[in-house]
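here is the input, now give the coordinates:
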Amino acid sequence: MGITEGTVDLTKDFDQPVGAVFAAWSTEEAQRAWSDPGDGWELTFERFQFTVGETDVCLFGPLGGQHYVNENRYLEVDVGKRIVYLTSLRSDGRLTFAGTVAVTFEESNHGTRMRLVEQGLYFDGRDDVAGHRSGWEGMLGALSQYLRGRP
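Now for the predicted structure:
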């Protein structure tokens, strides 16, 4: 059984104000829209509780295929400033990833600068930092489109 550690550190600028960017993280409807993994995949929330001490449970995966279970437990929600949560992924009943995500929001000259840092452990070669980076880059691109009013 192997363990690999890794970090995804991404910064993205948005034309929208901090309140709008933060709000896109705070509701199930918004997260479902911009977290959609794309064609041939599906995503649903069993539970969405954007509150300190609460846990979201999200299921996603290819249509008709093996699904991942993503659990996020909120440690801090500082409105308009920072979100910190513990996160884990399971596939086929096995833990593939466990880590921490911190997202910060700052006003910039043109709107909002958002930084996302995910640090974690990848288990048994079933997941890796490159896949997480690619996934986050895709979701942040989708978040940008969502904020501009495009699905």
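
how close does residue 122 sit to residue 29?
30 Å (C-beta to C-beta, to the nearest Å). C-betas here are computed from N, CA, C, even on glycine.

can you check residue 90 too?
In terms of C-beta to C-beta, residue 90 sits 25 Å off from residue 29.

more neighbours: which of residue 122 and residue 29?
residue 122 (23 against 9; other C-beta atoms under 10 Å).

neighbours around residue 76, how many?
11.

same check, this time on residue 125
The burial count for residue 125: 11, using other C-beta under 10 Å.

burial count for the nearest residue to it once chain neighbours are set aside?
For residue 125, ignoring the flanking residues on the chain, the nearest one in space by C-beta to C-beta, 6 or more residues apart in numbering is residue 2 at 6.1 Å. Residue 2 has 8 neighbours, counted by other C-beta under 10 Å.

what residues are up against residue 2?
Counting by C-beta atoms under 8 Å, 6 or more residues apart in numbering, residue 2 touches 123-125.

same deal with residue 27?
Contacts for residue 27 (C-beta under 8 Å, 6+ apart) come out as 48, 50.

again, but for residue 22
Neighbour list for residue 22: 79-80, 83, 105 [criterion: C-beta under 8 Å, 6+ apart].

for residue 48, same thing?
27-28, 31, 56, 58.

picking that back up, please report how far the residue nearest to residue 125 lies from residue 126.
From residue 2 over to residue 126 (counting by C-beta to C-beta), the distance is 10 Å.

with residue 6 instead?
Using C-beta to C-beta, one obtains 13 Å as the distance from residue 6 to residue 126.

what does residue 144 give?
Distance, residue 144 to residue 126, using C-beta to C-beta: 30 Å.
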